[in-house]
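Engineer: Any chance you could fold what I've pasted below:
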Amino acid sequence: MQKCWIVTGGAGFIGSNLVRLILAESDAQVVVVDKLTYAGNLQSLVDCSESDRFHFVKADICDRAAMEKVFGDHPPTAVLNLAAESHVDRSIDGPEAFIETNVLGTFQLLDTARHYFAELDDVRARQFRFLHVSTDEVYGSLGDDGLFTEETLYAPNSPYSASKAGADHLVRAYLHTYGLPTLLTNCSNNYGPNQFPEKLIPLMILNALEGRDLPIYGDGGNIRDWLYVDDHCRGILRVLEAGTIGEKYNIGGDSERTNLQIIDILCAEIEARLPAAKNPALQAAGKAAYTDLKTFVSDRPGHDRRYAIDASKIQRELSWTPRHDLESGLAHTLDWYLANRPWWEAVLSGSYKRQRLGTALE
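Structural biologist: Residues are numbered from 1 along each chain as shown. I've put the predicted structure just below:
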């Protein structure tokens, strides 16, 4: 039976990397559904569009009629839901969009899948999966020690994480109430190619290259577990391929660093490729080193102090492990941004000019 996988949010950061991996390492038909907000960009899928197994549909997962048409035109053997509003700072300034897409959109997608699944014959029903991609932020903030496990209670602290927690609960409910064969993954902070420059790592790279301030929230001591996006995508596909229906799997990179440490690593990597003394932008800013651009700013409201994932379940049960350590992943990421200036200049041509977001309470 020919596999057909609907990937919602497939023009976004993680989604585009996932689609590229699917086309390279499987024989599945891929149907990307994306409404192309600021963070969804067809330029991220240019190389994918050359495949006869790739199809693109511009649609919003909140639009029930549009989702029913996608399921009718491209009957899926799996749905991978990556469509989401995903930036904490934006959720502080405008939480409504996060509730609409992350909660109501997930509901519409689940309910469309429920009705579709109910009409499948036994063979197709056994094959069908609904995989929802979520975040470790639903668990809240850790203390100085400990790790998030699949049994950690949810305690979201931002509108973004609350909306993702709500979506996760809906996925669980559709499994237990309707028998929809669902899978759930919760990942740590992703980084890598095609990431919109509002997030820490691409923002620091581009600002450093252009001699702009490197804004650091609070004291810079907030800790995240960093996961290279290709490793995350391989984890998603491994869960789709071999995960147990109804289970959730934490996917983490085992790479805890403070924000300050991340910025210092990036500054060193940039210096190795483009020495500060040879960067006209840095000279114009009156800075002798990339680290001189570091600037401390007021902290984000409700900023979780530490996240860290225990990924032992997916490692033990599905034999997944990350292929990249943090240093190699950051090096690959920096090289990609250096080599793909037209991409990031194009995605920054809209209203976002790398200004600070999440200041609604100030």
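Engineer: So which residues of the stretch 101-250 of the chain form helices?
Structural biologist: Using DSSP state H, counting those that start in this stretch, the helices of the stretch 101-250 of the chain run over 106-118, 122-127, 159-178, 200-209, 229-242.
Engineer: Mind giving me the packing neighbours of the second one?
Structural biologist: If you count contacts as 3 or more CB pairs under 8 Å, 6 or more residues apart in numbering; DSSP states H and E, helix 122-127 packs onto no helix or strand. For glycine as for every other residue, the C-beta is placed from the backbone atoms N, C-alpha and C.
Engineer: what sits up against that helix?
Structural biologist: Here helix 122-127 makes contact (CB atoms under 8 Å, 6 or more residues apart in numbering) with M1, T77, F117.
Engineer: Equivalent analysis for the last one, please.
Structural biologist: Residues from elsewhere that reach helix 229-242 (CB under 8 Å, 6+ apart): 13-14, 17-18, 21-22, 25-26, 78, 80, 129, 131, 133, 183, 185, 187, 190-195, 249, 251, 253, 314, 318-320, 322-324, 329.
Engineer: what about A242, distance to I236?
Structural biologist: 12 Å (CB to CB, to the nearest Å).
Engineer: can you check D89 too?
Structural biologist: For D89 relative to I236 (CB to CB), the value is 25 Å.
Engineer: Looking at those two, which one has more neighbours?
Structural biologist: Each of D89 and I236 has its neighbours counted (other CB atoms under 10 Å); I236 has more, 27 against 18.
Engineer: Quick one: closest of the helices of the stretch 101-250 of the chain to Y337.
Structural biologist: With CB to CB, the closest approach to Y337 among the helices of the stretch 101-250 of the chain belongs to helix 200-209: 5.1 Å.
Engineer: mind listing the strands for the stretch 151-300 of the chain?
Structural biologist: 182-187, 189-191, 214-217, 223-228, 248-251, 256-258, 294-297 (DSSP state E, counting those that start in this stretch).
Engineer: Next secondary structure after the last one?
Structural biologist: In other words, strand 294-297. For strand 294-297, the following helix or strand on the C-terminal side (DSSP states H and E) is helix 312-318.
Engineer: rewinding a little: ranking by neighbours, what's the top pick from the contacts of helix 122-127?
Structural biologist: F117 (21 neighbours).
Engineer: Run through the residues that contact that residue.
Structural biologist: A125, F128, L180, P181.
Engineer: Please apply the same query to F71.
Structural biologist: I6, T112, A113, Y116.
Engineer: Over to it. Which of the three states is it?
Structural biologist: Using DSSP: H, G, I helix; E, B strand; the rest coil, the structure places F71 in helix.
Engineer: what pLDDT, on average, does stretch 18-37 get?
Structural biologist: Here stretch 18-37 scores 97 as its mean pLDDT.
Engineer: Wait, K248 touches E150, no?
Structural biologist: Yes. Counting by CB atoms under 8 Å, K248 does reach E150; the two are 5.2 Å apart.
Engineer: more crowded one of these two?
Structural biologist: K248 (21 against 16).
Engineer: List the residues that contact the more buried one.
Structural biologist: Residues counted as contacts of K248 (CB under 8 Å, 6+ apart) are E150, D168, L183, L184, T185, N186.
Engineer: Can you name the residues that contact the residue of the chain positioned farthest from its centre?
Structural biologist: Residue distances from the centre of the chain (CA atoms, centre = their mean) peak at G286, which lies 35.5 Å from the mean C-alpha position. With contact set as CB under 8 Å, 6+ apart, G286 has no partners.
Engineer: Distance of it relative to A276?
Structural biologist: In terms of CB to CB, G286 sits 11 Å off from A276.
Engineer: Repeat that for A268.
Structural biologist: Distance from A268 to A276, by CB to CB: 11 Å.
Engineer: Between these two, which has more neighbouring residues?
Structural biologist: Taking other CB under 10 Å, A268 and A276 do not tie; A276 has more neighbours (20 against 13).
Engineer: The more buried one and T291 touch, don't they?
Structural biologist: No. Using CB under 8 Å, A276 makes no contact with T291, being 9.0 Å away.
Engineer: Show the model's pLDDT score for E362.
Structural biologist: 49.
Engineer: for K287, that is, sorry about that
Structural biologist: At K287, the pLDDT value in this model is 97.
Engineer: Correct me if wrong: it contacts G211.
Structural biologist: Yes. K287 lies in contact with G211 (CB under 8 Å); the separation is 6.5 Å.
Engineer: so what sits against both of those two?
Structural biologist: L293.
Engineer: Please tell me how far D310 sits from N250.
Structural biologist: From D310 to N250 the distance is 6 Å (CB to CB).
Engineer: who's more crowded, these two?
Structural biologist: Remark: of D310 and N250, N250 carries more neighbours, 26 against 18, as counted by other CB under 10 Å.
Engineer: May I ask you to confirm that the more buried one is in contact with K313?
Structural biologist: Yes. N250 lies in contact with K313 (CB under 8 Å); the separation is 6.5 Å.
Engineer: what do these two both touch?
Structural biologist: Common neighbours of N250 and K313 (CB under 8 Å, 6+ apart) are T149, E150.
Engineer: For the strands of the stretch 151-300 of the chain, give me JSON lines that also has mean pLDDT and distance to I99.
Structural biologist: Output for the strands of the stretch 151-300 of the chain, formatted as JSON lines (pLDDT from 0 to 100; distance: least, CB to CB, whole Å):
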{"stretch": "strand 182-187", "mean pLDDT": "98", "distance to I99": "19"}
{"stretch": "strand 189-191", "mean pLDDT": "97", "distance to I99": "22"}
{"stretch": "strand 214-217", "mean pLDDT": "96", "distance to I99": "24"}
{"stretch": "strand 223-228", "mean pLDDT": "97", "distance to I99": "24"}
{"stretch": "strand 248-251", "mean pLDDT": "98", "distance to I99": "22"}
{"stretch": "strand 256-258", "mean pLDDT": "97", "distance to I99": "30"}
{"stretch": "strand 294-297", "mean pLDDT": "96", "distance to I99": "27"}
